[in-house]
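> Have a look; sequence and predicted model below, questions after that.
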Amino acid sequence: MARLLRPLLRGRTYTRLLHLWVPMLVVSVWLFIDLSTPWVPALLIGPLGFVPVVRQGEGVQARLLLTPGDPDPGISEAPAVSGRDRLRTVVWLELRMVLGAVAAFASVWLPVLAFELARCAWSVAPAGVPLPDRLPPHRAWALLAPLPLLVLYGVVVGLGALVTAAARRLLGPSAAERLAALEERTEQLLERTRIARELHDSIGHALTVAVVQAGAARAAGDPEFTERALDAIEETGRAALADLERVLGVLREAERPVGARPTLADADRLLESARASGAKVDAEVTGPVGAVPGPVSREGYRILQEALTNVLRHAGAVPVTVRVSATGTRLVLEVRNPLPGVVSGPGRGSGLRGMRERAALLGGTAHSGPEEGDWRVRAELPTG
């Protein structure tokens with residue numbers, strides 16, 4: 001019984017009833033003009049559905065009254081953009097008018113009927129509305145008096161569920177709106193993935209350099225070397241803090257531009273950082289690297305950063321060969337270093353996976369693994 005009466009405690013039961021009553025305000029005004037033609041408002045309200053903004057207003061009202069508090073009601077708040085949307089709005093307006101008439105009739109006359117049956121139970125002759133005058137007063141009518149109220153309860157709850165289902169069907173997002181929402185969600189997920197990669201590459205590189213530098217300075221026992229190591233740690237830390245502040249700014253303000261991200265023009269900073277960590281870096285840059293498109297240059301910088309970070313993290317201060325080649329059609333990055341004593345399987349780790357994802361997003365490729373006694377990372381990105 002408690003479960004059966006639970007809708008009486010829900011606010012949406014009454015907001016849905018209010019939603020059904022609203023069209024009857026128009027009918028009530030019209031009845032003051034002409035009592036003999038109550039069907040005219042339904043005839044006049046239908047064409048309003050062809051006005052694009054009407055669908056938006058109906059959607060806002062339906063979400064507010066039919067699905068209050070629902071984070072995903074399945075009802076659109078956008079204006080109609082196609083003929084099919086306009087036609088669905090016309091059908092919705094007519095259906096809402098019909099269901100509103102049923103709700104208004106039931107909510108007025110069923111309580112009156114219950115009241116008249118109670119009067120008859122107390123030996124009071126009915127007033128004729130909605131019971132006939134000849135209905136004899138009798139105590140037995142008291143048993144039937146609650147019946148109209150139960151019917152009213154069923155009508156209110158049932159019509160509320162019906163009008164909500166109709167709103168989702170007729171005012172729900174069109175195929176174009178669903179596609180736009182899906183694209184927006186995809187963009188958000190891609191942006192979150194990109195930010196995660198940015199933080200991994202930038203902060204991971206800075207921490208790796210700091211750890212290597214600190215370990216080398218302790219092992220060297222040379223004050224001059226320690227001073228250089230501290231300078232390198234400070235410079236790398238400042239760069240990492242700048243990257244972190246930029247990423248956090250994007251997270252705090254959704255409409256804030258991403259800002260200038262490092263490109264291959266800043267690659268010298270990476271190479272000097274690796275050299276300061278003790279690695280012997282042999283770098284060669286050929287071709288017009290400065291003419292590489294911005295997105296390709298930025299992703300190339302991150303791939304190079306991750307490759308150097310992996311060298312310092314897994315191999316330590318070893319000789320590193322860096323080759324950067326730019327042409328009119330592609331950018332080639334290659335980083336080689338001697339294999340450490342223990343070699344993990346190719347492609348493991350989020351850093352290596354991130355390099356492949358960055359290259360794939362630009363239509364390129366990235367491979368990593370042992371080759372001729374070295375560990376090689378090679379990425380090819382299209383620039384045309």
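Yep, it's here. Numbers count the residues shown, from 1 in each chain.

> Show me how the record splits the chain into domains.
6-173, 179-382 (automatic domain parsing).

> so where do the helices sit in the protein?
Listed in chain order, the helices found in the chain under DSSP state H are 11-33, 40-45, 52-65, 83-121, 141-144, 146-170, 175-220, 223-252, 267-276, 294-314, 350-361.

> Average pLDDT for stretch 178-194, rounded please.
Stretch 178-194 carries an average pLDDT of 67.

> got the domains of the chain as CSV, with mean neighbour count columns?
The C-beta positions use only the backbone N, C-alpha and C, and glycine is treated the same way. Shown next, in CSV, are those (neighbours: other Cβ atoms under 10 Å):
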stretch, mean neighbour count
domain 6-173, 16
domain 179-382, 17
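
> weakest of the ones you listed by average pLDDT?
The bottom spot among the domains of the chain, by mean pLDDT, belongs to domain 179-382, with a mean of 78.

> Tell me if I'm right that R261 and E299 touch.
No. Look at R261 against E299 with Cβ atoms under 8 Å: they stay out of range, at 9.4 Å.

> quick one: contacts for A360?
Counting by Cβ atoms under 8 Å, 6 or more residues apart in numbering, A360 touches A366.

> that older thread, need the helices of the chain in JSON lines (columns: distance to W375).
Listed next are those as JSON lines, based on distance: least, Cβ to Cβ, whole Å:
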{"stretch": "helix 11-33", "distance to W375": "62"}
{"stretch": "helix 40-45", "distance to W375": "73"}
{"stretch": "helix 52-65", "distance to W375": "57"}
{"stretch": "helix 83-121", "distance to W375": "58"}
{"stretch": "helix 141-144", "distance to W375": "89"}
{"stretch": "helix 146-170", "distance to W375": "56"}
{"stretch": "helix 175-220", "distance to W375": "16"}
{"stretch": "helix 223-252", "distance to W375": "22"}
{"stretch": "helix 267-276", "distance to W375": "15"}
{"stretch": "helix 294-314", "distance to W375": "8"}
{"stretch": "helix 350-361", "distance to W375": "11"}
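
> which stretch among these comes nearest V320?
helix 294-314 (5.4 Å; Cβ to Cβ).

> tell me which strands and helices the closest one is in contact with?
In terms of contacts (3 or more Cβ pairs under 8 Å, 6 or more residues apart in numbering; DSSP states H and E), helix 294-314 is packed against helix 175-220, helix 267-276, strand 319-326, strand 330-338, helix 350-361, strand 374-382.

> Switch the ones you listed over to TSV; also include distance to A104.
Shown next, in TSV, are those (distance: least, Cβ to Cβ, whole Å):
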stretch	distance to A104
helix 175-220	32
helix 267-276	74
strand 319-326	74
strand 330-338	70
helix 350-361	58
strand 374-382	66
